[in-house]
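Enquirer: give the three-dimensional model of this entry:
(2 chains)
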Amino acid sequence: MLYDAEATYADLEAAEVEIAILPIGAIEQHSLHLPLGTDWIGAEALARRVAERLARDRDVYLLPGWPYSLSQCHGPMPGTVWLTPRTLADVLGDTVRSLYTQGIRRVVVINGHGGNFVLDAEIRELNLRYPDLILLSAASWDTAGGARPTGRVTGGDIHAGEGETASQLYLNPQHVGSERVDYVPPVGREFLDYAYMCHISPHGVWGRPSRGTAEAGKEQLERAAEGLARAVQEAFEGIAALKGGEEA
Amino acid sequence: MTSKKVYDWQNTSWDLREHPPHLALLPVGATEQFGPHLPLSSQNLLLEAISRRVAEELSESVYLLPPIPIGSSGQHEGFAGTVSLSWRTLKAVLTDLGESLLQTGTTRLAVLVGLGGTACTTTMPRENEIVKTAVRRLNYDHEELEAIWVQPLTVADPPLDTLFDDPQDDVHAGQVVTSLMLHLHPDLVKALPESHVPPAGSGGYLHQLPFSALCPDGVWGHPHLADAERGAEALRAAVTGTVAYIEETFADLARLRNERA
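Expert: Numbers count the residues shown, from 1 in each chain, chains lettered A, B, ... in the order given. All right, here's what the predicted structure looks like:
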């Protein structure tokens, strides 16, 4: 069964929560046509769909989406707010430790913002510190299979582009504007480590939002949720088996 | 006539004051297990060799800093001799070094983040996302600073998958690193162990499991396929590719600045 923050503590006490799910979003500029809350709205929507699937044969606790993360790369653009990496990592660590205190040993982070690299560093340290905890990050391991790019990586659909526009057209169409600027900067993706987005792309876009459609948004969201739910189960089983082998 | 020069810790402060270098080069190393056949210092030794050559081949003057000798090796905990900084500490070290360089007039910093590898990208340094995070913060917090990061084996030119087989399996203490060590420090290389490659997909669990759970002997790859000759070629490719990456990246950043001005 799926529990969220509308449940009471007594509901959760009576349940046998096996997995907790924490969505993490961002409040940051998304070019001329998408709302500041795009990442937060998207992460919550994906997390709920993953939680619903996992809750078919176990009890799952879906936490409210954490809205703020590492958006300093959009710093000068109005409406953007950000945490420092240490603060975001502490938010994650404190949340996971609260759940751990209540006996929850399996937690999934659904990360909606690409710039939150510190999460993986914190997740590694938490997993090493608590050997009976398995803390997963959907943004890091769901892409581990299949062919991956190597060497220099350019182009892509990085921010306020086709994918995010499609997602918002499906989830939040009344807040999608019509003025869509397509722009793919002629530099590597790592340039977001070196310069503000608005200095790489004046309208804060990296991709081709004009191509996004609501139909594609629905399709990609449901496909992502299905794939993630399956990958989460496989990862918990695979990691538990490897840990068991290690202890034996 | 060029006045280009490499400065390092053997120079005086006055040398640097009279001839301010164009950029600083900071390698981030590690003291961690490299299988039964390679020393704990392997990454530091290789980074010293690569960074020295990169500094010599860059077209402008360079201040070459000593490698940070202990880095982010938490994955290898449990293996004797491995020592590691938490990510908070490593990030603080990088931030402090970047800001102290800036205070003394260095406005360009290139960080060599470990070695990288054939299966890596220029988007994310493998197992070292915190260096990426630290470089970001330095750039956002200091308008006048330009800091970049690069992994030498990742940007190798020609790419290392043209020199080695099964590059996706070369993750740790495998044929690339072993070949480089056979070329540069053959006296430090012991008997080469057999291949070890964990089950497909399990690499995605390295955020959840210690390295030893997947690779009990500390090896992921095919070290017994290594040879010194390809080590020499890999070194040349890593240096050539890293020099090109650094020069092109600073040129692109200058262009972005000019477009804004």
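Enquirer: please enumerate the helices of chain A.
Expert: Remark: helices assigned in chain A by DSSP state H are A:9-14, A:38-54, A:85-101, A:118-129, A:138-141, A:162-171, A:197-200, A:214-247.
Enquirer: and for residue 7, the neighbour number?
Expert: Reading this off chain A. Using other C-beta atoms under 10 Å in any protein chain shown, the number of residues around A:Ala7 comes to 15. Any C-beta I mention is one placed from the backbone N, CA and C, and that applies to glycine too.
Enquirer: think we crossed wires, I meant chain B
Expert: Neighbours of B:Tyr7 (other C-beta under 10 Å): 19.
Enquirer: quick one: it and B:Glu60, what's the gap?
Expert: 12 Å (C-beta to C-beta, to the nearest Å).
Enquirer: please enumerate the shared neighbours of the two.
Expert: Common contacts of B:Tyr7 and B:Glu60 (C-beta atoms under 8 Å, 6 or more residues apart in numbering or on different chains): B:Pro21.
Enquirer: packing partners of the helix or strand harbouring B:Leu138?
Expert: Taking DSSP states H and E as the definition, B:Leu138 sits inside helix B:129-141. With contacts defined as 3 or more C-beta pairs under 8 Å, 6 or more residues apart in numbering or on different chains; DSSP states H and E, the packing partners of helix B:129-141 are helix A:85-101, helix A:118-129, helix B:87-103, strand B:108-113, strand B:146-150.
Enquirer: please point out which parts of that helix sit buried.
Expert: Buried residues in helix B:129-141, counting neighbours by 16 or more other C-beta atoms under 10 Å in any protein chain shown, are found at B:Glu129, B:Ile130, B:Val131, B:Lys132, B:Thr133, B:Ala134, B:Val135, B:Arg136, B:Arg137, B:Leu138, B:Asn139, B:Tyr140.
Enquirer: the fifth one contacts A:Val118, doesn't it?
Expert: Put plainly, it is B:Thr133. Yes: B:Thr133 lies in contact with A:Val118 (C-beta atoms under 8 Å); the separation is 5.2 Å.
Enquirer: okay, and the common contacts of the two?
Expert: Each of A:Leu70, A:Pro85 lies in contact with both B:Thr133 and A:Val118 under the rule C-beta under 8 Å, 6+ apart.
Enquirer: dump the residue contacts of residue 172.
Expert: Reading this off chain A. A:Asn172 makes contacts with A:Pro35, A:Ile41, as judged by C-beta under 8 Å, 6+ apart.
Enquirer: to clarify, I was referring to chain B.
Expert: Residues counted as contacts of B:His172 (C-beta under 8 Å, 6+ apart) are B:Phe34, B:Gly35, B:Phe211, B:Cys215, B:Gly218, B:Val219, B:Trp220, B:Gly221.
Enquirer: hmm, back to that, just the closest of the buried residues of helix B:129-141 to chain A, please.
Expert: B:Glu129 (3.8 Å; C-beta to the nearest C-beta).
Enquirer: check contacts around the closest one.
Expert: Contacts of B:Glu129 by C-beta under 8 Å, 6+ apart are A:Phe117, A:Val118, A:Asp120, A:Ala121.
Enquirer: burial of the third one, as a residue count?
Expert: Burial measure for A:Asp120: 23 neighbouring residues, criterion other C-beta under 10 Å.
Enquirer: pretty sure it contacts A:Ser137?
Expert: Yes: at 6.0 Å, A:Asp120 counts as touching A:Ser137 under the criterion of C-beta under 8 Å.
Enquirer: between the two, what contacts are shared?
Expert: Joint contacts of A:Asp120 and A:Ser137 (C-beta under 8 Å, 6+ apart) are B:His207.
Enquirer: around residue 122, count how many other residues there are.
Expert: No chain was given, so I picked chain A. 27.
Enquirer: can you look at chain B instead?
Expert: The number of residues packed near B:Thr122 is 23, by other C-beta under 10 Å.
Enquirer: and the closest residue to it other than its chain neighbours, how far from B:Gln151?
Expert: Excluding the flanking residues, the one nearest B:Thr122 by C-beta to C-beta, 6 or more residues apart in numbering or on different chains is A:Arg152, at 4.8 Å. Using C-beta to C-beta, A:Arg152 is found at 11 Å from B:Gln151.
Enquirer: hmm, stretch B:216-235 touching chain A?
Expert: No: on the criterion C-beta under 8 Å from any C-beta of the partner chain, stretch B:216-235 is out of touch with chain A, staying 8.7 Å away.
Enquirer: now do the buried residues in that stretch.
Expert: Buried-residue list, stretch B:216-235, by 16+ other C-beta under 10 Å: B:218-223, B:225-226, B:228, B:230-231, B:233-235.
Enquirer: which of the residues you listed sit farthest apart?
Expert: Within these, B:Gly218 and B:Glu233 form the most distant pair, 25.3 Å apart (C-beta to C-beta).
Enquirer: that older thread, what's the most distant pair in the contacts of B:His172?
Expert: B:Phe211 and B:Gly221 (12.5 Å).
Enquirer: what does stretch A:225-242 rub up against?
Expert: A:19, A:46, A:49-50, A:52-54, A:106, A:108, A:110, A:134, A:136, A:138, A:141-142, B:201-202, B:204-205, B:208-209, B:213-214.
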